[in-house]
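structure, please.
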Amino acid sequence: MQRMYPLDLKALRAEHQHIEGLFLEKVRQLSLVDFVLDFSKNQNIFISLNSNFPFVGFNSDLSEFPSGGELHSFAIDLRRFLNGRLVSVRQPNDDMVLALDFEQRNNLLEKEIFTLYIELIPNHPQAVLTNSEDKILAAYRYNNERGKDGRLIRRNNIYSLPNIVTNKSPKKLGDFDYLKTYLDAFGERIKKQNYRVLYVYLEHNIKRLEKLVRNYKLDLTKIDGIAKLYEHANLLLMNKPQIEGESVQIDGETINVDPRYSALQNAEILFKKAKKLKKSEEILKERIEQSVKEIEYLSSIYQMLHSVKTSEEFSQIFEELNLQKPNVKTHIKSSLLPYFVTYKNTRILFGRNNKQNDHLSFKIAKKIHTFVHIRNVPGAHIIIEESNPSKDVLEYAGKLALYLSKKVDGDITYAKVSDIKKGQFPGQVILRHEKTFYVRLSDTECTNFKNTIKRLI
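The predicted model follows:
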């Protein structure tokens, strides 16, 4: 993974000098190690303090970032202390430290300078906010002992620049998409950190249900001899032998009986026992079937998380599962709107989660439209806004289904929207009169989908 070098940082500064003079509007925390400074005129500075890959980005497109991290002390401190106008972006000693100087007024309306130092040192990234006297007001991480460079990062201590001993690249390495590389490598990890409650809930409940299924099946193996009980009861009923001991012999069969009761009464006891075991067997089979369906439902959501990116989409999943996600604002009407691509003047719509899927298939789609889905695989509902789409449009929709489920090939099923109905769980459908075809997805088509997907307005 290509790291950022001093000359790359210098080139970034030179390219984005226009950010100087803008006002800081908001500080956001996107993950445990990722922060954004939002400025006026829709400008931003993205800061990643990832130990393996620290970097900064100017005016980054964060629409693909799996945001949703809770505010930690450093971000809270930045919001508390930092505001005002960005007056300069410096690179002390032309090394891997970016210094952002902010001018703001104190309670006496006097101008003060506050500086945010961002140390982009692999394995030891750091960010420190100081006042005009270099006194530390806040830091990304504090230490109780002096580090190898002799610094002690604590509140009210005097800040000093680190002694960077990393090798400097002798030349700029050229244009490089640090954010894309970062998300390719750490995107899933960030997502699991930000939405740990959801991942743990799904994993725990899937394991719990799988254990229940194993126990139910074990109980089924213990229910044995129902047919034999009916056979013995019928023999007693038809032959009515004299009961003198704890067993009788009829047609070579040894039948255990209760000597206190007659043959007819013992037959009735055996019938009741057989019916009770039969009822237990039916209940266990029903519970197994129900648990398996729940496992499939939760597993489909878990697989869907690979394609979910925005906090809005995650909020819908939290709502669907009746989980409480703190500090998440949801706008139900707009969040249910699906996405779409256009192919040969035909609009193809799809949902990214179960709520969007249901809203699309049963609220937006017309009965004459065409429903498309990967066969026997959890995934997006896809609606072609045509009654009889051509073969190439169907194949395009099928490839879109593969792309959204991150599959290379597979069987695609399709039917009229009028031939589908809701299943037991959100996002599940039952198809009638469906047809199937096979498609394969290429890398070029994946790139094309990524660049053409839009949100319905």
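
for the rest of this, base every contact and every neighbour count on C-alpha atoms.
Will do.

what's the pLDDT at Ser169?
Ser169 carries a pLDDT score of 53 in this model.

correction: the previous question concerned Ser335.
68.

ok, Ala99 next?
Per-residue pLDDT puts Ala99 at 95.

may I have the beta-bridge partners of it?
Arg90, Tyr117 (DSSP bridges).

wait, it sits on Gln91?
Yes: counting by Cα atoms under 8 Å, Ala99 touches Gln91, with 6.0 Å between them.

common neighbours of the two, please.
Shared contacts of Ala99 and Gln91 (Cα atoms under 8 Å, 6 or more residues apart in numbering): none.

give the contact list for the closest residue to Glu244 other than its chain neighbours.
Spatial nearest neighbour of Glu244, chain neighbours left out: Pro259 (6.0 Å); criterion: Cα to Cα, 6 or more residues apart in numbering. Applying Cα under 8 Å, 6+ apart to Pro259 gives the contacts 243-246.

can you check Tyr140 too?
Tyr140 sits next to 74, 126-128 when contact means Cα under 8 Å, 6+ apart.

from Ile384, how far off is it?
Using Cα to Cα, to the nearest Å, we find Tyr140 at a distance of 49 Å from Ile384.

likewise Asn144?
Counting by Cα to Cα, the gap from Asn144 to Ile384 is 61 Å.

just to revisit the earlier point, before we move on, what SS does the residue nearest to Glu244 have?
What DSSP: H, G, I helix; E, B strand; the rest coil gives for Pro259 is coil.

which parts of the stretch 251-400 of the chain are helices?
For the stretch 251-400 of the chain, the helices defined by DSSP state H, counting those that start in this stretch cover 263-304, 311-320, 332-335, 354-359, 391-404.

which residue is the nearest non-sequential neighbour of Ser133?
I think there's a mix-up here, since residue 133 is Glu and not Ser. In space, Glu133 is closest to Ile158, 7.9 Å off (Cα to Cα, 6+ apart).

and the residue positioned nearest the centre of the chain, how far from Phe186?
What sits nearest the mean C-alpha location of the chain, by Cα atoms, centre = their mean, is Leu305, with 3.2 Å. The spacing between Leu305 and Phe186, counted by Cα to Cα, is 15 Å.

same check on Gly68?
Gly68 sits at a distance of 15 Å from Phe186 (criterion: Cα to Cα).

also Gly423?
From Gly423 across to Phe186, the span is 35 Å (Cα to Cα).

one more: Leu179?
From Leu179 to Phe186 the distance is 10 Å (Cα to Cα).

so, low pLDDT: which residues of the stretch 201-350 of the chain?
324-335 (pLDDT under 70).

what's the domain layout of this structure?
Following automatic domain parsing, one gets these domains for the chain: 6-185, 197-303, 333-455.

so which of the ones you listed is nearest Ile317?
domain 333-455 (7.1 Å; Cα to Cα).

tell me the contacts of Phe271?
Applying Cα under 8 Å, 6+ apart to Phe271 gives the contacts 229-230, 233.

top of those by number of neighbours, please.
With neighbours taken as other Cα atoms under 10 Å, the top of the contacts of Phe271 is Ala233, carrying 23 neighbours.

distance of that residue relative to Asp149?
To Asp149, Ala233 is 89 Å away according to Cα to Cα.

try Tyr178
Tyr178 is 28 Å from Asp149, where distance means Cα to Cα.

these two: who's more crowded?
Remark: of Tyr178 and Asp149, Tyr178 carries more neighbours, 19 against 11, as counted by other Cα under 10 Å.

hmm, Phe55 and the more buried one touching each other?
Yes: at 7.4 Å, Tyr178 and Phe55 qualify as touching, with contact defined as Cα under 8 Å.

now the contacts of Pro259 as CSV including distance to Leu24 and neighbour count?
What follows is these, written out as CSV (distance: Cα to Cα, whole Å; neighbours: other Cα atoms under 10 Å):
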residue, distance to Leu24, neighbour count
Ile243, 96, 16
Glu244, 98, 13
Gly245, 95, 11
Glu246, 91, 11
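
from these, which single one is nearest Ile348?
Glu246 (74.1 Å).

for the closest one, give me its contacts.
The contact partners of Glu246, by Cα under 8 Å, 6+ apart, come to 256-259.

ok, now how distant is it from Met238?
Glu246 sits 19 Å away from Met238 when distances are taken as Cα to Cα.

same question, Arg80
In terms of Cα to Cα, Arg80 sits 90 Å off from Met238.

more crowded one of Leu179 and Phe186?
Per other Cα under 10 Å, whichever of Leu179 and Phe186 has more neighbours is Leu179, with 19 against 13.

the more buried one sits in which helix or strand?
Secondary structure assigned from DSSP states H and E places Leu179 in helix 178-194.

toward the C-terminus, what is the element adjacent to that helix?
Under the assignment DSSP H and E, the closest C-terminal helix or strand after helix 178-194 is helix 196-222.

Arg79 belongs to a strand?
No: counting by three-state DSSP, Arg79 is not found in a strand; it is helix.

so how many other residues sit close to it?
Counted by other Cα under 10 Å, the residues lying close to Arg79 total 14.

surely it and Val27 touch.
Yes: contact status for Arg79 versus Val27: in contact at 6.1 Å, counting by Cα under 8 Å.

about what we covered before: Asn144 and Ile384: who's more crowded?
Counted by other Cα under 10 Å, Asn144 and Ile384 do not tie: Ile384 has more neighbours, with 28 against 8.

for Leu404, see how far away the more buried one is.
Using Cα to Cα, Ile384 is found at 16 Å from Leu404.

before we move on, what about Lys135?
Distance of Lys135 to Leu404, given as Cα to Cα: 50 Å.

re the thing from before, wait, which of the domains of the chain is closest to Glu312?
Proximity to Glu312 (Cα to Cα) singles out domain 333-455 among these, at 6.4 Å.

only the buried residues of stretch 6-15, if you could.
Buried residues in stretch 6-15, counted by 16 or more other Cα atoms under 10 Å: 6-10, 13.

revised request: answer the last question for stretch 190-201.
Along stretch 190-201, these residues count as buried under the neighbour rule (16+ other Cα under 10 Å): 190-195, 198-199.

list the contacts of that stretch.
For stretch 190-201, the surrounding residues in contact (Cα under 8 Å, 6+ apart) are 31-32, 66-70, 302, 318, 323.
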